[in-house]
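Student: Kindly return the folded structure for what I paste below:
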Amino acid sequence: MKKPSKYWILAGTFFTSVSSIIIRFSEAPALVIAAYRMLFTCVMLFLPVYIKNRNEFKNLDKKSYAMCVISGVFLALHFASWIQSIQMTTIANSTILVSCSPIFVAAINYFLLKERITGKMILGISMSLIGTVLIGMGSYQGNESGMMLGNFLAFMGAVFVAGYLVIGGFVRKTVSAGVYVFIVYSVSALTLLAMCLLADIPLYPYPLREYMLFFLLSFFSSILGHTAYNYLMKYYSSTLISVSTLMEPIFASLMALLVFWEIPPVFTIIGGIIIITGIYFFLITKNTTKEELP
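Tutor: Sure thing, here's the model as predicted:
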């Protein structure tokens, strides 16, 4: 089977970046948005995944299943914290801080999986993180206390998504993309629904407009975005996947400009150029591929 181009990762990043715009349009509570996002995603994936992979579900070993469950919990915590942050801070700040996951992913992969970090990889990560700091410096606005909490939640979203990406990189060595994402998304949906119930947040009724936004979020950002990441993890390092997500603040900021007239400051433009350059250095590194499974 021919290995897909690593530049497809950027396509996945574009679709995930759409999520911040869709979320900003929604008036539902953050946990409800997250829960319906994952629930609708599971519904859309159920038939195609079951038809193609029903035998694999039966033969999945306990260790792989447990790892999928843990990954699903991490994903639920990521969505819960990050979506709440979008409602409390700017789109630029939220997407920037949540995109700091590469530093955690690279560290975990280095210490636990002994994944080699080359000079170009370090340069790419460093430049990209410098770019995110510059964008953050130029996008600070609004109520300070609310912004601080929103920024903290976005940062925690980066920590949680790092765990999700690292586990995905490990499990995808032996588990197909369909089986992995369906279990992870299902666990994530159940976790978020339980969080809604525990927080006494009503799951219905909401206007039809809200359910349409939930569907768009599920289709574009989960199926075309996150699922693309999980598919490519069989072939490429989770560190590469996480670094490429640093393009999300650029995509999101541009869309915020067009949709909400959030004009990016000079810092955002300069930081964006630095991020793109850093990602380029990372993408040309030859030590990011994995051995393809037979």
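
Student: which residues in the stretch 101-250 of the chain form helices?
Tutor: Using DSSP state H, counting those that start in this stretch, the helices assigned to the stretch 101-250 of the chain run over residues 101-112, 119-138, 144-171, 177-198, 208-216, 227-232, 238-244, 248-260.

Student: for these, which one ends up most surrounded?
Tutor: For those, the largest average neighbour count (mean count of other Cβ atoms under 10 Å) is found in helix 238-244, namely a mean of 28. No exception for glycine: its C-beta is placed from N, CA and C like everyone else's.

Student: Check which helices and strands that one sits against.
Tutor: The contact analysis (3 or more Cβ pairs under 8 Å, 6 or more residues apart in numbering; DSSP states H and E) places helix 238-244 against helix 8-25, helix 101-112, helix 119-138, helix 144-171, helix 266-283.

Student: at 6 Å instead, please
Tutor: Judged by 3 or more Cβ pairs under 6 Å, 6 or more residues apart in numbering; DSSP states H and E, the packing partners of helix 238-244 are helix 101-112, helix 144-171.

Student: Let me know the pLDDT of the closest residue to residue 203 other than its chain neighbours.
Tutor: Leaving aside its chain neighbours, residue 203 sits nearest to residue 196 (5.7 Å; criterion: Cβ to Cβ, 6 or more residues apart in numbering). Per-residue pLDDT puts residue 196 at 96.

Student: repeat for residue 146
Tutor: pLDDT, residue 146: 66.

Student: Settle this for me: residue 83 is touching residue 34, isn't it.
Tutor: Yes: counting by Cβ atoms under 6 Å, a contact exists between residue 83 and residue 34, whose distance comes to 5.2 Å.

Student: Could you pull up the mean pLDDT of stretch 228-235?
Tutor: On average, stretch 228-235 scores 79.

Student: neighbour-wise, which of residue 83 and residue 34 wins?
Tutor: Taking neighbours as other Cβ atoms under 10 Å, residue 83 and residue 34 compare with residue 34 leading, 31 against 27.

Student: Which secondary structure element is home to the nearest residue to the more buried one once chain neighbours are set aside?
Tutor: Once flanking residues are discounted, residue 34 sits nearest to residue 79: 3.9 Å by Cβ to Cβ, 6+ apart. Under the criterion of DSSP states H and E, residue 79 resides in helix 62-86.
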